[in-house]
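> From the sequence below, what's the structure:
(6 chains)
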Protein chains: 6
Amino acid sequence: MKKIVTFGEIMLRLAPKGYLRFMQEPEFQATFGGGEANVAVSLANYGLNAAFVTKLPDNPIGRAAVKELRRHCVDVSCIKKGGNRVGIYYLEKGASQRPSKVVYDRAHSAIAEAEREDFDWNEIFRDTEWFHFTGITPALSSNTAAICLDAVKAAKERNITVSCDLNFRKNLWTSERAGEVMGQLMKYVDVCIANEEDAEKVFGIAAASSDIAGGRLNHDGYRDVAKQLADRFGCKYVAITLRTSISASDNRWAAMLYNGESAMFSREYPVHIVDRVGGGDSFGGGLIYGLYTGMSDREALEFAVAASCLKHTVEGDFNLVSVEEVLALAAGDGSGRVQR
Amino acid sequence: MKKIVTFGEIMLRLAPKGYLRFMQEPEFQATFGGGEANVAVSLANYGLNAAFVTKLPDNPIGRAAVKELRRHCVDVSCIKKGGNRVGIYYLEKGASQRPSKVVYDRAHSAIAEAEREDFDWNEIFRDTEWFHFTGITPALSSNTAAICLDAVKAAKERNITVSCDLNFRKNLWTSERAGEVMGQLMKYVDVCIANEEDAEKVFGIAAASSDIAGGRLNHDGYRDVAKQLADRFGCKYVAITLRTSISASDNRWAAMLYNGESAMFSREYPVHIVDRVGGGDSFGGGLIYGLYTGMSDREALEFAVAASCLKHTVEGDFNLVSVEEVLALAAGDGSGRVQR
Amino acid sequence: MKKIVTFGEIMLRLAPKGYLRFMQEPEFQATFGGGEANVAVSLANYGLNAAFVTKLPDNPIGRAAVKELRRHCVDVSCIKKGGNRVGIYYLEKGASQRPSKVVYDRAHSAIAEAEREDFDWNEIFRDTEWFHFTGITPALSSNTAAICLDAVKAAKERNITVSCDLNFRKNLWTSERAGEVMGQLMKYVDVCIANEEDAEKVFGIAAASSDIAGGRLNHDGYRDVAKQLADRFGCKYVAITLRTSISASDNRWAAMLYNGESAMFSREYPVHIVDRVGGGDSFGGGLIYGLYTGMSDREALEFAVAASCLKHTVEGDFNLVSVEEVLALAAGDGSGRVQR
Amino acid sequence: MKKIVTFGEIMLRLAPKGYLRFMQEPEFQATFGGGEANVAVSLANYGLNAAFVTKLPDNPIGRAAVKELRRHCVDVSCIKKGGNRVGIYYLEKGASQRPSKVVYDRAHSAIAEAEREDFDWNEIFRDTEWFHFTGITPALSSNTAAICLDAVKAAKERNITVSCDLNFRKNLWTSERAGEVMGQLMKYVDVCIANEEDAEKVFGIAAASSDIAGGRLNHDGYRDVAKQLADRFGCKYVAITLRTSISASDNRWAAMLYNGESAMFSREYPVHIVDRVGGGDSFGGGLIYGLYTGMSDREALEFAVAASCLKHTVEGDFNLVSVEEVLALAAGDGSGRVQR
Amino acid sequence: MKKIVTFGEIMLRLAPKGYLRFMQEPEFQATFGGGEANVAVSLANYGLNAAFVTKLPDNPIGRAAVKELRRHCVDVSCIKKGGNRVGIYYLEKGASQRPSKVVYDRAHSAIAEAEREDFDWNEIFRDTEWFHFTGITPALSSNTAAICLDAVKAAKERNITVSCDLNFRKNLWTSERAGEVMGQLMKYVDVCIANEEDAEKVFGIAAASSDIAGGRLNHDGYRDVAKQLADRFGCKYVAITLRTSISASDNRWAAMLYNGESAMFSREYPVHIVDRVGGGDSFGGGLIYGLYTGMSDREALEFAVAASCLKHTVEGDFNLVSVEEVLALAAGDGSGRVQR
Amino acid sequence: MKKIVTFGEIMLRLAPKGYLRFMQEPEFQATFGGGEANVAVSLANYGLNAAFVTKLPDNPIGRAAVKELRRHCVDVSCIKKGGNRVGIYYLEKGASQRPSKVVYDRAHSAIAEAEREDFDWNEIFRDTEWFHFTGITPALSSNTAAICLDAVKAAKERNITVSCDLNFRKNLWTSERAGEVMGQLMKYVDVCIANEEDAEKVFGIAAASSDIAGGRLNHDGYRDVAKQLADRFGCKYVAITLRTSISASDNRWAAMLYNGESAMFSREYPVHIVDRVGGGDSFGGGLIYGLYTGMSDREALEFAVAASCLKHTVEGDFNLVSVEEVLALAAGDGSGRVQR
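Here you go, the predicted structure:
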């Protein structure tokens, strides 16, 4: 089986139990997560051959991250050992009108300080069919931006499909810098995943008259954004996730897929949230799975949305669900009746 | 006070904390439960003299099951010691579109391998007024099927009221075998509890045009099923629980009681679920309590539905609520205001 | 910065984890709380100089209560050491149709048995601008009633603004006794906080045709109650909180502020509840903050309601939120989107 | 089987996890315990018919105490319902040179405020062969002292054997008051359990030249104390437990039994402590079991010491061990090899 | 790198927290373990290429076992999917004079009911240099005994070194049956691991005058047992572990290695126990590592003893230590000073 | 009351529960600690006016650190807000022969990147009598080294007593750099605390013929080291802690105090360890308390050793004990008998 490679950062995620505020009790749930690692785990859960590429220090925390990925069947053989620290993010789970909060402590992580020489893409891309990264990775440092460029170029040379989730992070870089760096990388991207905000923040591509906070969706607007992205960068697919935040406890979740010709909108799910972090990544994982395994565009879209709907019910960054579970939901069974 | 006897299996229930998936963390909440034991606990909580009959190994796990029943005031004096293992079921709690999952590891349990000689129904039924079992018990093995037949025959000889919850379990037996065995047992049953699915799966009794998964209820259909059951087996009462699964987090819950003449439908509760396992059993416990203590049919039905509505808010299989709490809800106070 | 003084009882709060019933597992979450302490913590969280006055035994539990208050920046220098025990309340969290339950074990606490000589209000009120108490404190014992009278008189002599949350507790005293004692104290009160029930139970002040349990709010009725309270006792402000209990899991929450001239009604929030105890106190804390810092009446009201809306999402009695968080919600962002 | 009745207080025990200090984390392990309840549980664990008599409020905490006793097979039918509160003790587990700490909050408990009329000893002592109490019960209040006197007199009239563990508690009464009250009660006692300190504090009976804190045991001294007790009060047996406290983590544990003629000293166990509270009570339970079931004096003594040695390895007040486990240790197997 | 293959059962291990007795609290720590799996994990931790062979059901519990092994870098590619259940063992941790207790619920597990056809040893043994099993595997069923024979024969044909830990389990088979089956298998064994009890129980090979329970070791006796085993079955090495059980909390731990010519005795460690289950397996893992990597006999022995000494300080069955940690202890640093 | 100021870093401490290895379970106990903060907490616990000076980011983790210090009564008014991150250390608790492990992730913390301008020592030292720092602070960065120099100079100008714990950390700087920087700072130090290793690693001051790892103490050697330190830097007092590491579970603990004239050696305590991190800091806290409050040299030494003996029994970095508890132990009561 050919490989799917994702590249980015995996962080230690420290979260209070339940709905406690930070340090309300002296305890953290400690798991691992990060945009591209989350996608790799999704794909491995679906039975694909997924490899995650990053750099991690050779200390107990770094080794635990590798162990956790391996447990979920992710190929960790291309993870570079070295550097000083594992990046951290602190997560406080919100409820009702209180939003979830993320505090990052990721500067100076091994991957942020990695060198271009740390990664031999010739070696990494052996037997590879798909490469995925997100807009977070090039935002970590100018080095990682350069490494991403190395990677997408190497991928293109080998006819590897490249997907990218824009994932703009305002505390990592400015819109200007993001636009510049991502503009270069996007030329190599076949499948682009975004939300409306991303497109606007990174490339200034906005649709008229939509109102995110208010929760109203504007189909024409989203189609327009996707078309602009596809046209500007030559992407084959542009997918846009459509989240309506009713509250921190309840969201509505859907997505749109534009294939260069038409835009199709998925079924929308009302989601009662267990853990919403990694929701976007699970959409990416589902979409890649669908497209990679030859589903129709419509099927791939519905698979991706159903997968990420389920992610909102799973604790942690990783979307621990199987193909069967996603298909059952996509086929319409969202009644949640006990399975015996 | 006369006894109410229930007969069946009590299992060790192993469930991850909160909404974690199986083995996502190395810990299980370990409690006990099982259809007929759950009914016995309900009745004991209501202050009745409830005895549970089963077979359990004389090891620390078997003894812990007995202790837990005794703690809740259940008469454990007729539990047979012996056999090799306590049956187990693993439970993963669902949320939103992700269904709860049950994995059974109950084969070869002490009760499944029990012999007819293990139970002296003459002795067990001393001072007994009511006997309850479910369709799970005869499904465990041909021995337990024979024991159930011994029991209901002995009950009839003593004019003991017999109630049965059909509770079809497709992983324990086929519809054919179930129909055959249950067909024999039902002749002795005065009060039958079922859901539409049970009646169809076990006896092929279906009503036209209802749509369970879609959540639409068809009053005429349910009345029709109940009437067919009552007519075929001579039951005095047939109760059908009506669950509308909106999601794994939210259900609507109601029931119907048919008394041979007319069918009455209860108030319907929108339930935000804490733990839905044992919901049906708590309905059975409530109905038996109502009928046993001489409530009117309507009162008994509303008591049973309110009781099982509350069960959905209680962790574990057992419905740890009092008569006062059930009556308060049945009387209309579902506002959930703090009681000081 | 001038001080805000609150006076009352802080109790040890013992609550099972999650939605467990009392002693379902052998463990209690152990925190501290009490009406006036909760207000002090709210104010300290908002950056004000808040002092809490009470009496606590000099044992590890009493000292832990002091430590917890100090942790949240409350001035504990006027807490009197002595007495025999810390009052306790046991809390069981409800869900859906099952109400939360509070069992009090607060008799004979240090503050309930305090003497008038224990508190030197001249000393306590140095540099003080505001004094807050609730109807719980004078209900603890005739001593505490006398101490409250000492306090409000001393406050008036110094032109200190006095606020009072009526907070009627039927298990501490009768309506008759409450009316008598509170009637005396209310003469000194500038800002009165109540709910319709309080006003009726304590002073027999009721509005026609409202239906609390049913959840319908009657604007005219509330305005009428407030006006009666203001007129009878000469209060400058009367605030009434408006809770619609849909279930133990979901409430609607709003409030009204009457300023002697007109009554304004706040935005109403649909709340998915994490912990509802202390909800009223957090309203009081928010209102005092608003009025104390010179917000307009409308702003103060909306700040108070938003603050207490957020409290329902925070575990424990204390409302651990910042001014920024409250303002963000009051400004309209209740979408709960992740803050990175 | 005849009954063994014990009479006293059962308290809620609140202890931080592991070796945490009070309120270092916001959590308490919540179990139940108390001298005489502990003895009843020991006896029930050994298969005897043990009844515990006390008064407990009819609230969730009181009912939970009853449930916990019933779980361990204790006869709870003579527990009087009523009163206001369940007594509490806070326990902080020591280690190495840091001693364990107990903070009592037991004043005003239901049993402390019980009336003589609450207990009908004619009824309670039906089919009873043995009655046990400790010096804690009469220390709770003058009422409980009077009730104890009622009980021992009623016991003597029925030829019921009476045992008493002196258990002096300096924070409940003075030596003078203890000597006076216990002096009256001891006239009815057949089996007296004490440690050297008790005898001295209550009756001024001391042996020369022993040094408890230093850990040196003086056989002659202990024999002398026992003889004085037996002679003064006409006890048939006097047992003295011999604890050598090396540290809070390690003790040496043994005992002496004086039967009116000679004193025998048991094997001494070096104990690595898991939970030392209830150690003395478990000795009492073991001794009563031995004497009641007709063991020789030597066997009964060794059974009692082995039982209480095991108690030090069990969490909580209750000694959750079986006769088989105690006999195995008394027979010499203290190697702790895994039992498969 | 060549493979080391181990074959046997991996069970779900359910253990109460800390020193609690079974079901004293409603919770189990849930991990996985089993003699041969433990050895595989040890070897993988040391960086070797270790494969574990077994049969596991394709359900969430079986899949979780596979995931856990993979996490620790064990090659799981030869695990057969199928069968009905994962075997379970319940473990209660002892302390001081209270022994640890193991309750097995392993009958009817997938591996116990496996067929010879389930395992293709030609395939499994590709690139394999060492095969390890224990006396537990052939004791599970006559099928597993036959499979073991298939395996050792296939191993011999390929010149694969075979090691076996006798590990007699009296609740799985009788000494007679064990002697018969193991007698056949031992002919193919190069490295035999045992304790004196094993040799006597399985083969009737005993040394005079040693006293295990008393804790005295008899060097000549152990040498004699080893020589008899080596002579009878032609083993190249016989290792005997030497445990002196002072209590369930403290053991002394050493071992002897006989290489056909002479017997050498290792350093002895006084161990303060955290978790003693898997201690013997960790010795096996250490010994295989030492011999496989070409250490001298003395070095291999000291490595194995140091490794298993460390195992006693690690929670769970698996010995989660590195080669560096073992070497540091073997080199003499057992002072336990903090490593920064 | 005059102030005692300590200056340094407070870190988030992340430790697995109990004796688990890093990430063996997905959970960390999260507390705060650091050499100088630990000393400040000790002093505040003893009732002194202790201020801690550091720099912490204005984010939820930084604010939680401040809250925790305030809870323990430490004056936090001179903590500078700013910087990017709170330093972290991961701690794995060892047992028996397995050493505890510390993994630091403290680079780039707010205090490590602080500027000299961040601290106005004129302001900080108002009403100050004592200043304490450790060798860790100047090792963090050249900036903190410069700030330390500013501090000690400012202290000397005000006749503030200066104490320093050498605390060499090999992963923060080399011996050469340490010797150079500490050499400058030590000129201002009145009270020096060290262990033999520190003196040797930092200043090359060693005594002949002692053997730390082996655990033998050499009184003359320690006296000699202290005298050399005192002579070279003009310290009034040199204290050396004497730890004999028997294992990670058991240590022996004592200390020596040299006052320029003679060296006195304290009582030695055999310690069964609960948490050994912060042991040295608690000695420092005890010594400062003793000297500051005017104890005799001998009393101060014994107070310090008893205090740090108790620290080994307290979870977390902070020594949560009172003066009374320390005095009781210093007076000779280490028997660990329950205090009621």
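
> Would you indicate which residues of stretch A:7-25 are buried?
A:7-17, A:19-25 (16 or more other CB atoms under 10 Å in any protein chain shown). Every residue, glycine included, has its C-beta placed from N, CA and C.

> show me which of those residues neighbour chain F.
Applying CB under 8 Å from any CB of the partner chain to these, one finds that A:14, A:21-23 fall near chain F.

> Filter those down to the ones in strands?
In this view, these that belong to strands under DSSP state E are residue A:14.

> Let me know the closest of the ones next to chain F among the buried residues of stretch A:7-25 to chain D.
residue A:23 (11.7 Å; CB to the nearest CB).

> Check whether that closest one really touches residue F:62, as I assumed.
No - contact criterion CB atoms under 8 Å: residue A:23 and residue F:62 do not qualify, at 10.4 Å.

> list the contacts for residue A:279?
A:241, A:243, A:253, A:308, A:311-312 (CB atoms under 8 Å, 6 or more residues apart in numbering or on different chains).

> The same query, at a cut-off of 10 Å, please.
A:38, A:241, A:243, A:251, A:253, A:271, A:273, A:307-312, A:314, A:317, A:319, C:338 (CB atoms under 10 Å, 6 or more residues apart in numbering or on different chains).

> Write the PyMOL selection for whichever of the residues you listed are buried.
Selection of the buried residues among the contacts of residue A:279 in PyMOL, burial being defined by 16+ other CB under 10 Å:
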select buried, (chain A and resi 38+241+243+251+253+271+273+307+308+309+310+311+312+314+317+319) or (chain C and resi 338)
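
> just checking: which of the contacts of residue A:279 also lie near chain B?
A:251, A:253, A:271, A:273, A:309-312, A:314 (CB under 10 Å from any CB of the partner chain).

> Can you lay out those residues as JSON lines showing pLDDT?
JSON lines is the format used below for the ones next to chain B among the contacts of residue A:279 (pLDDT from 0 to 100):
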{"residue": "A:251", "pLDDT": "97"}
{"residue": "A:253", "pLDDT": "97"}
{"residue": "A:271", "pLDDT": "97"}
{"residue": "A:273", "pLDDT": "98"}
{"residue": "A:309", "pLDDT": "98"}
{"residue": "A:310", "pLDDT": "98"}
{"residue": "A:311", "pLDDT": "98"}
{"residue": "A:312", "pLDDT": "98"}
{"residue": "A:314", "pLDDT": "98"}
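
> Format those residues as CSV; extra columns: distance to residue E:34 and secondary structure.
As requested, those are arranged in CSV below (distance: CB to CB, whole Å; DSSP: H, G, I helix; E, B strand; the rest coil):
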residue, distance to residue E:34, secondary structure
A:251, 43, strand
A:253, 42, strand
A:271, 40, strand
A:273, 39, coil
A:309, 38, helix
A:310, 33, helix
A:311, 33, helix
A:312, 36, coil
A:314, 29, coil
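
> ok, of these, which one's closest to residue F:159?
residue A:273 (60.8 Å; CB to CB).

> Hmm, that closest one is touching residue A:100, no?
Yes - Residue A:273 lies in contact with residue A:100 (CB atoms under 10 Å); the separation is 9.1 Å.
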